[in-house]
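> Here is the input, now give the coordinates:
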Amino acid sequence: MNQEIERKFLVLGEPWKNYDGEVIQQGYISRGEATVRVRIRAGKGYLTIKGKTVGVSRAEYEYEVPLNEAQEMLELFCANQRIQKKRYLIPYKGFKWEVDVFEGLN
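Have a look, this model is predicted:
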């Protein structure tokens, strides 16, 4: 089992402007006891299951799925809840920061 540790910050300015970003499409199939998400990034499909957050972490399982199946799941199960964002990896003070810039509604 993997553990996800996530902290969110509001970024002032646009430090990502000097970096190439990766387009990510995703949608949520379920948000109950566990969150189930389908995502397409870098031409690959992924299905992710996340548990409830305890402190700053939560259990996370991610599986690669065929791209055409990920596209079908987005269409069938996430038509009104799709998100598109661009993710930038920015090195800063010894860390790699992931900055997500959402396109449209978040």
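> check which helix or strand covers residue 68.
For residue 68, the element it lies in under DSSP states H and E is helix 67-77.
> Now that helix: buried residues?
By 16 or more other C-beta atoms under 10 Å, the buried positions in helix 67-77 come out as 70, 73-74. Bear in mind the C-beta positions are built from the backbone N, C-alpha and C, glycine included.
> just those residues now: which is nearest residue 11?
residue 74 (27.1 Å; C-beta to C-beta).
> how far away is the residue lying farthest from the centre of the chain from residue 47?
Distance from the centre of the chain peaks at residue 93, with 23.5 Å (C-alpha atoms, centre = their mean). To residue 47, residue 93 is 34 Å away according to C-beta to C-beta, to the nearest Å.
> Which secondary structure elements does the helix or strand bottoming out on mean pLDDT in the chain sit against?
Across the helices and strands of the chain, mean pLDDT, DSSP states H and E gives its lowest value to strand 2-5, namely a mean of 75. Here strand 2-5 touches strand 57-65, going by 3 or more C-beta pairs under 8 Å, 6 or more residues apart in numbering; DSSP states H and E.
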